[in-house]
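# For reference, the sequence and a predicted model appear below.
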Amino acid sequence: MTPAKAAGGARGARGSAAARLALLAVPVAFFAVFFAYPVAAIVARGLHVDGSWRFGRLWDVLGQSDIRHVLWFTTWQALASTALTLLVALPGAYVFARLDFPGKQTLRAVVTVPFVLPTVVVGTAFLALVGRGGLLDDLWGVRLDTTVWAILLAHVFFNYAVVVRTVGGLWAQLDPRQEEAARMLGASRARAWRTVTLPALGPAVAAAALMVFLFTFTSFGVVQILGGPAFSTLEVEIYRQTSEIFDLSTAAVLTIVQFAAVGAVLAVHARTVRRRETALRLVDAAGTARRPRGAGQWALLAGVLASIAVLLVLPLAVLVQRSLDAPGFAYYRALVRDDGNVFLVPPIDAIGNSLQYAVAATVIALVVGGLAAAALTRRDAGRLVRGFDALLMLPLGVSAVTVGFGFLIALDEPPLDLRATWILVPLAQALVGVPFVVRTMLPVLRAVDQRLREAAAVLGASPWRVWREVDLPMVRRALLVAAGFAFAVSLGEFGATVFIARPDNPTLPVAVARLLGRAGELNYGQAMALSTILMVVCAVALLVLERLRTDRAGEF
C-alpha cells in the first residue's frame with residue numbers, strides 16, 4: 001500500500017471513531033432525557049425530603065414483612081416461570097431449527113404473536129380460559145385465576161417465542177455434521193447431543209433464560225389481572241404504592257431494588273450475547289433443516305404442535321370466542337357508542353389513537369435505535385460504547401410504571417413541559433421499541449464485511465456515504481423487520497402509557513384495562529373485542545415480518 005493510501009486509511013479510521021461517537025450523541029441524549037431523568041426524578045422525589053436525603057428509608061422499607069414477601073414472590077415466580085418456559089419451549093426451538101414442514105413460516109409468526117401482545121391482553125386471554133365463566137370453568141368447573149398456576153402458564157405463553165427465536169436461531173446455524181461425526185465414532189444420539197450440541201447452545205440457552213427471567217421478574221399486567229390481591233410482583237407493588245397509596249418513598253425504594261436486580265441480569269446477558277457471537281463457527285441456516293425422519297422426529301413434531309395448540313393458540317381462540325358471545329356482534333357494535341360511563345369518547349377511538357401513536361413511536365425508535373446500532377457495529381468498540389449497548393436494554397426491565405409516573409413529575413416545566421402534548425405517549429412507547437431495533441439490526445450490521453467499509457473510506461467516501469452505499473443496501477430488510485417489531489411492541493405498551501394517556505385519547509391496552517376494571521357483561525365483552533382487534537393487528541404485522549425476515553435478522 002502506498003503512503004498516501006496508508007494515510008487515507010488512518011484518516012478513515014479516525015473519521016470512523018469520530019463518526020461513531022457522533023452517532024451515539026442522539027441515542028445518549030434521548031435516553032438521558034426520557035429515561036434516566038424521569039426515573040431519577042421519581043427516586044429523588046421519594047428519598048429527598050425537606051432538603052435532605054433519607055437513605056435510611058431503604059432499610060425501613062426492606063424491613064417490612066409484606067415487602068419482603070413481595071420480593072420473595074417476585075423472585076421465585078420468575079425462576080419458576082423461566083424453568084417452565086425452557087422446559088416447554090426448547091423442543092419447539094429444535095423443531096423450528098432442524099425440521100422442515102408445511103406451514104413452518106406461518107407457525108413461526110403465530111408463536112411470536114403472544115410476545116408482542118400487551119401483557120394486559122395476555123392476562124385477558126387467560127382470564128377467558130381459566131377465570132370465572134371461562135372455558136375450563138364451563139367444561140369442568142376448574143378455575144385457576146387468582147392462583148400462581150395461571151400466572152406461570154401465562155408467562156410461558158408470553159415468553160415461548162423468546163426461547164424459540166433465541167435458541168432456535170442459533171441451533172439452525174450449528175453445523176449438523178459435527179453431531180453426525182460423533183455418532184459415526186460410536187456415540188449414542190443422546191450422548192452426541194449432550195457432548196457436542198448442548199455446549200454449543202449453552203450461551204443461547206443462557207441468554208434466553210436471562211431474557212425470560214427479566215420479563216417475568218418485572219411482570220405487571222399478567223399478575224395484575226390473574227393474580228388478584230393475593231399475589232404482587234415488584235412492578236405491581238410499585239404501581240400500588242404510586243397510584244393508590246401515594247407513598248412515593250416506598251415506590252422509590254422498590255424502584256432502586258428492581259433497578260439493581262435488572263442491571264445485574266443485563267450485565268450477565270451482555271456477556272452471554274458476546275460469547276454467542278464470537279465462540280462458534282456457524283453455517284447457513286437454510287441448509288440445516290430437513291423433513292422429519294423416523295417415528296421419533298414425527299412424534300416430537302406432533303408433540304410440539306400439540307403444545308402450541310394448547311398453550312398458545314387455545315387462549316387466543318377463547319379470547320375471540322368470548323368476543324363473539326353476544327349475538328349480532330353486539331360487543332363490537334358497542335365499541336362505536338359513547339355511553340359516557342368508561343370513556344369520554346367511543347372505545348373504538350382507541351384503535352385510531354393507538355395506530356397514530358405507534359407510527360410516531362416507530363419512527364422515533366428507528367432513528368434512535370438505528371443510530372445506536374450503527375455506532376455499536378464494530379466489535380472492537382471501546383468499553384464505554386459496549387456499556388451503552390447493555391444500557392439500551394434497561395427500558396425492557398426497569399419499571400414502566402416508574403417511567404410513566406416519572407414523565408408526569410419530571411416533564412412538567414419549560415422547555416420540557418410535555419404533559420399536555422400528544423408526543424408524550426410515543427416517547428414512552430419508543431423507549432420500549434429501541435432495544436428491539438438495536439437487537440434486530442446489530443447482528444446484520446456486524447455481518448457486513450468490514451473490508452467493504454474500509455475500501456470505501458480509503459477511496460475517500462465520508463462515513464455517511466459509506467453507510468448509505470455499503471451498509472444500507474445490505475440491511476434494508478432488517479430495517480423493515482425492526483420497524484415491524486417496534487410498531488408491534490409500541491402498539492401494546494401498557495405500563496407507562498396507563499399513566500400518561502389522556503382520558504379523551506386512550507390507547508388500546510389502556511382501554512382494555514379500563515373496561516376490565518368495570519363491572520358488567522357488556523364491559524367485559526368490549527374488553528374481549530378490543531383485545532381481539534389488537535391481536536389481529538399484531539398477527540398480521542408478524543406474518544408480514546416473517547416474509548421479510550432473513551436468517552440473520554437479529555435476536556428476535
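Noted; the coordinates are in hand. Numbering: from 1, shown residues only.
# Need the three-state assignment for Leu201.
helix (DSSP: H, G, I helix; E, B strand; the rest coil).
# Please report how far it lies from Ala93.
As judged by C-beta to C-beta, to the nearest Å, Leu201 and Ala93 stand 9 Å apart. No exception for glycine: its C-beta is placed from N, CA and C like everyone else's.
# what's the longest helix along the chain packed up against?
Longest helix in the chain, counting residues (DSSP state H): helix 65-98. Where contact means 3 or more C-beta pairs under 8 Å, 6 or more residues apart in numbering; DSSP states H and E, helix 65-98 is packed against helix 56-62, helix 104-116, helix 148-171, helix 198-217, helix 234-239, helix 248-278, helix 294-308.
# Where does Ala430 fall, secondary structure wise?
Element membership for Ala430, per DSSP states H and E: helix 424-447.
# Throw the helices and strands packed on helix 65-98 into TSV and include mean pLDDT and mean neighbour count, thanks.
Converted to TSV, those look like this (pLDDT from 0 to 100; neighbours: other C-beta atoms under 10 Å):
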stretch	mean pLDDT	mean neighbour count
helix 56-62	79	14
helix 104-116	82	20
helix 148-171	87	24
helix 198-217	83	22
helix 234-239	86	26
helix 248-278	74	19
helix 294-308	90	14
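# Which one of those lies nearest to Pro506?
Nearest to Pro506, of all the helices and strands packed on helix 65-98, is helix 234-239, at 17.5 Å by C-beta to C-beta.
# Could I have the CA atoms of the closest one written out in CSV?
Taking Å, rounded to 0.1, in the frame of the first residue of the first chain, the C-alpha atoms of helix 234-239 are listed here in CSV:
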residue,chain,number,x,y,z
LEU,A,234,-42.3,-5.6,42.5
GLU,A,235,-43.9,-3.9,39.4
VAL,A,236,-47.4,-4.3,40.7
GLU,A,237,-46.4,-3.1,44.2
ILE,A,238,-44.7,0.0,42.7
TYR,A,239,-47.9,0.7,40.8
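# relative to helix 104-116, how tilted is the longest helix of the chain?
Orientation of helix 65-98 against helix 104-116 (axes from the mean of the first three to the mean of the last three C-alpha atoms, to 10 degrees) gives an angle of 170 degrees.
# quick one: buried residues of helix 65-98?
Across helix 65-98, burial judged by 16 or more other C-beta atoms under 10 Å covers 67, 70-71, 73-74, 77-78, 81-82, 84-86, 88-98.
# Then stretch 429-438?
Buried-residue list, stretch 429-438, by 16+ other C-beta under 10 Å: 429-438.
# Quickly name whichever of those residues is closest to Thr112.
Using C-beta to C-beta, Phe436 comes nearest to Thr112 of those, at 11.9 Å.
# Spatially nearest residue to that closest one, not counting backbone neighbours?
In this structure, Phe436 finds its nearest non-sequential neighbour in Phe485, 4.3 Å apart by C-beta to C-beta, 6 or more residues apart in numbering.
# Could you say which helix or strand holds the one you found?
helix 472-492.
# I'd like the average pLDDT over that helix.
The pLDDT scores in helix 472-492 average 78.
# same for it, what does it pack against?
Short answer (3+ C-beta pairs under 8 Å, 6+ apart): helix 472-492 packs on helix 104-116, helix 349-375, helix 424-447, helix 508-516, helix 521-548.
# In JSON lines, list those along with distance to Leu210.
Listed next are these as JSON lines, based on distance: least, C-beta to C-beta, whole Å:
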{"stretch": "helix 104-116", "distance to Leu210": "16"}
{"stretch": "helix 349-375", "distance to Leu210": "21"}
{"stretch": "helix 424-447", "distance to Leu210": "13"}
{"stretch": "helix 508-516", "distance to Leu210": "26"}
{"stretch": "helix 521-548", "distance to Leu210": "24"}
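# looking at the ones you listed, which is closest to Leu24?
Closest of the helices and strands packed on helix 472-492 to Leu24 is helix 349-375, at 4.6 Å (criterion: C-beta to C-beta).
# Show me which positions of that closest one end up buried.
349-351, 353-354, 357-358, 360-375.
# got the contact list for Val130?
Val130 sits next to 136-137, 142-145, 150, 153, 226 when contact means C-beta atoms under 8 Å, 6 or more residues apart in numbering.
# please redo it, this time with the cut-off set to 10 Å
Val130 makes contact with 136-137, 142-147, 149-150, 153-154, 226, 315, 318 under the criterion C-beta atoms under 10 Å, 6 or more residues apart in numbering.
# quick one on the thing from earlier: so which of the helices and strands packed on helix 65-98 is nearest Ile423?
Nearest to Ile423, of all the helices and strands packed on helix 65-98, is helix 104-116, at 22.8 Å by C-beta to C-beta.
# Specify the angle between the helix or strand immediately after the closest one in the chain and helix 472-492 in degrees.
Downstream of helix 104-116, the first helix or strand assigned by DSSP H and E is helix 119-130. Put simply, helix 119-130 runs at 60 degrees to helix 472-492, going by the same axes, to 10 degrees.
# then helix 119-130 to PDB, C-alphas only?
Provided in PDB are the C-alpha atoms of helix 119-130 (Å, rounded to 0.1, in the frame of the first residue of the first chain):
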ATOM      1  CA  THR A 119     -49.500  -8.100  28.900                       C
ATOM      2  CA  VAL A 120     -53.000  -6.900  29.800                       C
ATOM      3  CA  VAL A 121     -54.300  -8.700  26.700                       C
ATOM      4  CA  VAL A 122     -52.300 -11.800  27.700                       C
ATOM      5  CA  GLY A 123     -54.000 -11.600  31.100                       C
ATOM      6  CA  THR A 124     -57.400 -11.100  29.400                       C
ATOM      7  CA  ALA A 125     -56.900 -14.200  27.200                       C
ATOM      8  CA  PHE A 126     -56.100 -16.400  30.200                       C
ATOM      9  CA  LEU A 127     -58.900 -14.900  32.100                       C
ATOM     10  CA  ALA A 128     -61.200 -16.100  29.400                       C
ATOM     11  CA  LEU A 129     -59.700 -19.500  29.600                       C
ATOM     12  CA  VAL A 130     -59.200 -20.200  33.300                       C
END
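# List the buried residues for the helix or strand just after it?
Tracing the chain past helix 119-130, the next element assigned as helix or strand by DSSP H and E is helix 135-140. For helix 135-140, a neighbour-count test (16+ other C-beta under 10 Å) marks 135, 137 as buried.
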